[in-house]
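Novice: Sequence and computational prediction follow.
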Amino acid sequence: MQSLQKVQVRLGKRSYAITIGGGILSLLGEQLTPLGFSPKIGIVSNPTVFRLYGKTVMQSLRNAGFEPFSVLIPDGEKYKTLKYAEKILTKLLQERLDRKSCLVALGGGVVGDIGGFAASLYMRGISFVQVPTTLLAQVDSSVGGKTGVNHPLGKNMIGSFYQPRLVWIDTETLKTLPRRELLCGIAEVIKYGIIWDERFFAFLEQMREKLLSLNPDVLSSVIKTSCSIKAQVVSKDEREGGFRAILNYGHTVGHAIETETRYQQFLHGEAVAIGMHMEAKLANRLKLCDKSSVIRIRKLIASYGLPADMPEGLDAERLCLHMKIDKKAESGRVVCVLPERIGAVRIEKNIDVKTISAVLS
């Protein structure tokens, strides 16, 4: 087992630790023992992840004196809906969880988002624990307390801010992750370099082969740095009053692509990768960042095998319509995070839609 790495998310009474290590799933139960939860614990997962890791987590909880049960939802973004949130809530009611109970989200971003959302609603809120098993969830969606579900009219439009009690990251779970899913996580990792830390961006340029081959030291370093950056941002602005919005870099265009293609054509990280390049091009069009930064951003995205360019057949004007009703929009005006250089971004709140359309066309 690797030595444990820890990152603290500082939010006063709602502060919590992110623990990162290899082969630590079996230690989860003993981590929960001091937190004073009721014996019965629910595990939200999907069949794929639960088949791989459910037995280990259930046994760990039993060994610590808990009585775990599982509720499984189908695997995929299209199942992150109110219907499946209700299914989870029904199971919690049937199992008679009380206010001191805990819900464990074992899986990727979909499981964490919908599991946290259900926990925030049940009895007006019970504790939940994030056990992310995809790179994207480990570096992004499990940290910061955003929970929710999708609606046919938009992604993540129904949700709540609800912080976990702890985040438990076992890097060994990435060995079973399909390569396409791994790359989606790397897209979010690249985002942190662009918005916050040019040295981290350069590290990703240099360590491509080692990261793609899941070198334990590089992987652990990348996850810790990503979580540390997100923790710093969230600690300054928990509920996205302003500053936290920098984490949405790539997501204005990315979410529009996902909505327009009905979550069928691109995984989240792939859409964000395209979005990061397009939003860098937009920044250059608005004379906010130089061409060399745009080229460098595109090169890094493409070097990891991620899509960087607008796919053929998508209508730029329709994408702009989605951006206007995106939850980041203000009074129908598109809000976009744009790079000034690698390592620094700004939030632009009144971008001419014609300019966006021209960049996307």
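Specialist: Everything's here; your move. Numbers count the residues shown, from 1 in each chain.
Novice: pretty sure residue 245 is in a strand, no?
Specialist: No. Counting by DSSP: H, G, I helix; E, B strand; the rest coil, residue 245 is not found in a strand; it is helix.
Novice: Tell me, how many residues neighbour it?
Specialist: Using other C-beta atoms under 10 Å, residue 245 has 19 other residues around it. The way it works is simple: take the backbone N, C-alpha and C, and place the C-beta from them, glycine included.
Novice: ok now do it, which residues does it touch?
Specialist: Going by C-beta atoms under 8 Å, 6 or more residues apart in numbering, residue 245 touches 328, 335, 337, 347.
Novice: Need these in a markdown table (columns: secondary structure and distance to residue 85).
Specialist: As requested, these are exported to a markdown table (DSSP: H, G, I helix; E, B strand; the rest coil; distance: C-beta to C-beta, whole Å):
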| residue | secondary structure | distance to residue 85 |
| --- | --- | --- |
| 328 | coil | 22 |
| 335 | coil | 27 |
| 337 | strand | 28 |
| 347 | strand | 30 |
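Novice: Generate a PyMOL selection restricted to the buried entries among the residues you listed.
Specialist: Applying 16 or more other C-beta atoms under 10 Å to those, the buried members can be selected in PyMOL as follows:
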select buried, resi 328+335+337
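Novice: Closest to residue 183 out of the contacts of residue 245?
Specialist: Comparing the contacts of residue 245 against residue 183 with C-beta to C-beta places residue 337 closest, at 21.4 Å.
Novice: That closest one: what's it in contact with?
Specialist: By C-beta under 8 Å, 6+ apart, the residues touching residue 337 are 195, 245-246, 248-252, 279, 345-348.
Novice: please redo it, this time with the cut-off set to 7 Å
Specialist: 245, 246, 248, 249, 279, 345, 347 (C-beta atoms under 7 Å, 6 or more residues apart in numbering).
Novice: what's the neighbour count on the residue nearest to residue 358 when sequence neighbours are not counted?
Specialist: Excluding its sequence neighbours, the residue lying closest to residue 358 (C-beta to C-beta, 6 or more residues apart in numbering) is residue 285, at 7.3 Å. Residue 285: 16 surrounding residues under other C-beta under 10 Å.
Novice: go on, residue 65?
Specialist: 11.
Novice: Now for the chain: which strand has the highest residue count?
Specialist: The residue-count maximum for a strand in the chain (DSSP state E) belongs to strand 154-161.
Novice: Need the residues that contact it.
Specialist: 82, 117, 120, 145-151, 238-239, 255, 258-259, 325-327.
Novice: Need the buried ones from the residues you listed selected in PyMOL.
Specialist: In PyMOL syntax, the buried subset of the contacts of strand 154-161 is picked out as below (16+ other C-beta under 10 Å):
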select buried, resi 117+120+145+146+147+148+149+150+238+255+258+259+326
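Novice: So which of the contacts of strand 154-161 are in strands?
Specialist: Of the contacts of strand 154-161, the ones assigned to strands by DSSP E are 146, 147, 148, 149, 150, 151.
Novice: could you say what helices and strands the longest helix seen in the chain packs with?
Specialist: In the chain, with assignment by DSSP state H, the single longest helix is helix 216-236. In terms of contacts (3 or more C-beta pairs under 7 Å, 6 or more residues apart in numbering; DSSP states H and E), helix 216-236 is packed against strand 5-9, strand 16-21, helix 179-195, helix 208-212.
Novice: Sort out which residues of the first one are buried, please.
Specialist: Buried positions in strand 5-9, judged by neighbour count with 16+ other C-beta under 10 Å: 5, 7, 9.
Novice: Pipe these into a markdown table and attach distance to residue 134 and pLDDT per row.
Specialist: Formatted as a markdown table, those follow (distance: C-beta to C-beta, whole Å; pLDDT from 0 to 100):
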| residue | distance to residue 134 | pLDDT |
| --- | --- | --- |
| 5 | 18 | 94 |
| 7 | 18 | 97 |
| 9 | 19 | 96 |
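Novice: okay, these in CSV with distance to residue 211 next?
Specialist: Formatted as CSV, the buried residues of strand 5-9 follow (distance: C-beta to C-beta, whole Å):
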residue, distance to residue 211
5, 16
7, 19
9, 24
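Novice: Go through those residues and name the one nearest residue 215.
Specialist: When these are compared against residue 215 (criterion: C-beta to C-beta), the nearest one is residue 5, at 14.9 Å.
Novice: Kindly state the domain boundaries assigned to the protein.
Specialist: 5-177, 180-358 (the TED database).
Novice: quick one: average pLDDT of the last one?
Specialist: So that's domain 180-358. What domain 180-358 shows for mean pLDDT is 95.
Novice: picking that back up, going by neighbour count, which of the contacts of residue 337 comes out on top?
Specialist: Ranking the contacts of residue 337 using other C-beta under 10 Å puts residue 279 first, with 29 neighbours.
Novice: Pull up the gap between it and residue 348, please.
Specialist: The gap separating residue 279 from residue 348 is 10 Å, by C-beta to C-beta, to the nearest Å.
Novice: I'd say residue 345 and residue 339 touch.
Specialist: Yes. Under the criterion of C-beta atoms under 7 Å, residue 345 makes contact with residue 339 at 5.0 Å.
Novice: any shared contact partners between the two?
Specialist: In terms of C-beta under 7 Å, 6+ apart, residue 345 and residue 339 are both contacted by the residues residue 194.
Novice: show me where the stretch 1-150 of the chain has strands.
Specialist: Along the stretch 1-150 of the chain, the stretches classed as strands by DSSP state E, counting those that start in this stretch are 5-9, 16-21, 40-45, 67-72, 102-107, 127-132, 146-151.
Novice: most packed of the ones you listed?
Specialist: Each of the strands of the stretch 1-150 of the chain was scored by mean neighbour count; the highest is strand 102-107, a mean of 28, by mean count of other C-beta atoms under 10 Å.
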